[in-house]
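1. sequence and predicted structure below; questions after.
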Amino acid sequence: MSPAAPVTLGRVSIRGHTHLAVLLDGSALPLSYMIPGIGDDMISLISNWEDLAPRIHTLAAEAKDPEPIRLSDLRRPIDRPGKILAIGLNYADHVAETGMPMPDRQLWFCKFPTAANDPYADVQIPRAGHQVDYEVELVAVIGKAGRHISPDEASQHVFGYCIGNDVSVRDWQLSSPQWVLGKSFDGHAPFGPFITLANPSLDPHDLTIRAWVNGQLRQHSNTRHLVFSLWEQIAHVSKAVTLEPGDLIFTGTPGGVGVALQPPTFLKAGDRVRCEIEGLGHIENAFQPEGSEHGS
C-alpha cells in the first residue's frame with residue numbers, strides 16, 4: 001500500500017476466525033499478527049485509535065505477508081453498532097419522487113442493531129412484509145464521542161466512511177407515522193465493505209453514489225446534493241443523543257428507489273443489489289425469502 005493511499009479497515013474471516021484487518025486489493029493484513037490480543041472488536045479499536053494508530057499505519061505502509069481473501073470473506077466492519085441513525089428525505093430528487101414537500105427540518109429515524117448485516121451476505125425478504133426496497137447511502141462512522149457538536153467541529157468526530165443499503169419494507173414503513181419497524185427488519189442494514197479512514201483527500205460531500213438491481217442502474221447521484229450536509233446532520237442529532245465511537249450515520253438516499261418507479265417495483269427472491277460509492281468500494285447482496293437456506 002502506498003503511504004499516501006487511504007487506510008481501509010475491516011473485519012475478515014480467515015481460516016474460520018474473524019480478524020480486524022487492514023484491507024488491500026484482494027488481500028488482508030490481520031492486525032492480530034502485529035498486535036496480539038486485539039480481537040475483532042472494531043468499536044474497541046476505534047475507541048483506542050490514538051494509541052493504536054501508529055502501529056496500524058506502519059502495518060499498512062509495509063504491507064508484509066498479506067493473506068489472500070475473497071469478497072465473501074468480508075464481514076461488516078462493526079459487528080453490532082451501538083446506534084444506527086438515519087436521516088430521511090435528504091436528496092432533493094428523492095423528496096420529489098415521493099411527492100412529499102421539501103423538508104425544512106431534519107427527519108431522523110433509527111435502525112436497530114440487529115439490522116446490521118455483512119456487505120456480501122444474503123438479505124431476507126421477510127414473511128411478514130412484501131414491499132422490500134433498496135436505498136444506497138453514504139455511511140459515516142463516528143470516531144470521537146460528543147454531544148452538542150457544532151457543524152464546524154463535526155468532521156473531528158468522524159472516524160471514516162463506508163457504504164450502506166438502508167433496506168426498507170415499505171408496506172410496514174408507510175403504514176405508520178413511525179418508520180422504525182419498517183426500517184429495522186433483521187439484516188436490513190448491510191454495510192461495508194470496509195471503513196475508509198477520514199482523510200483530507202476524501203470529501204464526503206463530493207462522491208458519486210450509485211445502485212444497481214440485477215445490473216440495471218437505478219440510482220445515480222453525488223453526495224454534493226445532500227439537502228442537509230453531514231456536518232449539519234451530526235450537529236443536529238447530537239443535540240439529542242451522545243454520539244459514541246462506532247455509531248453509524250446513514251446520510252440519506254438519492255432518487256431512483258423502487259417504490260417511486262412506475263409502476264412501483266419491489267425486490268423479489270433472487271434479485272441482487274449492488275451499491276457503490278466513489279473511493280469506498282461496493283457492497284452487493286442477494287435477496288432471498290426468509291426461512292430459505294440462504295435467507296434465514
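-> Looks like it arrived, so ask away.
2. after the lengthiest helix in the chain, which helix or strand is next?
-> Taking DSSP state H as the criterion, the chain has its longest helix at helix 49-62. Next helix or strand after helix 49-62 toward the C-terminus (DSSP states H and E): strand 67-68.
3. touching that following strand from outside, list them.
-> Contacts with strand 67-68, where a contact means Cβ atoms under 8 Å, 6 or more residues apart in numbering, come from 12, 14, 21, 26-30. Where you see a C-beta, it was placed from the backbone N, CA and C, and this is true even at glycine.
4. nearest to Thr242, of the residues you listed?
-> Ala21 (29.0 Å; Cβ to Cβ).
5. look up phi and psi at the closest one.
-> Torsion angles at Ala21 (phi, psi; degrees, to the nearest 10) stand at phi -150, psi 150.
6. how about the helices in the stretch 1-150 of the chain?
-> Here the stretch 1-150 of the chain has its helices, by DSSP state H, counting those that start in this stretch, at 42-47, 49-62, 92-98.
7. about what we covered before: who wins for neighbours among the contacts of strand 67-68?
-> Ala21 (27 neighbours; other Cβ atoms under 10 Å).
8. circling back to that earlier point, how about the helices of the stretch 1-150 of the chain in a markdown table, adding mean neighbour count, distance to Gly252 and mean pLDDT?
-> Formatted as a markdown table, those follow (neighbours: other Cβ atoms under 10 Å; distance: least, Cβ to Cβ, whole Å; pLDDT from 0 to 100):
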| stretch | mean neighbour count | distance to Gly252 | mean pLDDT |
| --- | --- | --- | --- |
| helix 42-47 | 20 | 23 | 98 |
| helix 49-62 | 14 | 27 | 94 |
| helix 92-98 | 16 | 7 | 95 |
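9. for Val123, what are its contacts?
-> Counted by Cβ under 8 Å, 6+ apart, Val123 has contacts 117, 165, 167, 187-188, 190, 273, 285-288, 295.
10. now, those that are in strands?
-> Of the contacts of Val123, the ones assigned to strands by DSSP state E are 117, 165, 190, 273, 285-288.
11. biggest separation within the residues you listed, which pair?
-> Farthest pair in the ones in strands among the contacts of Val123, by Cβ to Cβ: Asn165 and Gln288, 14.8 Å.
12. higher neighbour count, those two?
-> Asn165 (27 against 18).
13. wait, doesn't that one sit right on Val139?
-> No - with contact defined as Cβ atoms under 8 Å, Asn165 does not reach Val139; the gap is 9.6 Å.
14. before we move on, back to that, can you redo the helices of the stretch 1-150 of the chain as CSV with distance to Thr196?
-> CSV is the format used below for the helices of the stretch 1-150 of the chain (distance: least, Cβ to Cβ, whole Å):
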stretch, distance to Thr196
helix 42-47, 13
helix 49-62, 12
helix 92-98, 24
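15. stretch 195-202: end-to-end distance?
-> 12 Å (Cα to Cα, to the nearest Å).
16. same check, this time on stretch 155-169
-> Note: stretch 155-169 ends 32 Å apart using Cα to Cα.
17. buried ones in that stretch?
-> By 16 or more other Cβ atoms under 10 Å, the buried positions in stretch 155-169 come out as 157-169.
18. tell me which of the residues you listed is nearest to Gly215?
-> Asn165 (16.2 Å).
19. partners of the closest one in the sheet?
-> Taking DSSP bridges as the rule, Asn165 bridges to Val136.
20. quick one: pLDDT of it?
-> Looking at Asn165, its pLDDT reads 99.
21. surely Gly192 is in a helix?
-> No - Gly192: not assigned to a helix; according to DSSP: H, G, I helix; E, B strand; the rest coil it is strand.
22. where's it relative to Tyr120, distance?
-> Separation of Gly192 from Tyr120 (Cβ to Cβ, to the nearest Å) stands at 8 Å.
23. give me the common contacts of these two.
-> Common neighbours of Gly192 and Tyr120, counting by Cβ under 8 Å, 6+ apart, are 74, 283.
24. these two - which one has more neighbours?
-> Neighbours per residue (other Cβ under 10 Å) separate Gly192 from Tyr120, with Gly192 holding more: 28 against 20.
25. excluding covalently adjacent residues, which one is nearest to that one?
-> Among residues not flanking Gly192 along the chain, Pro119 sits closest, at 3.2 Å (Cβ to Cβ, 6 or more residues apart in numbering).
26. and the one you found, how far from Ile14?
-> In terms of Cβ to Cβ, Pro119 sits 16 Å off from Ile14.
27. just to revisit the earlier point, from the contacts of strand 67-68, which two are the most distant?
-> The largest separation in those, counting by Cβ to Cβ, is between Gly26 and Pro30 at 14.8 Å.
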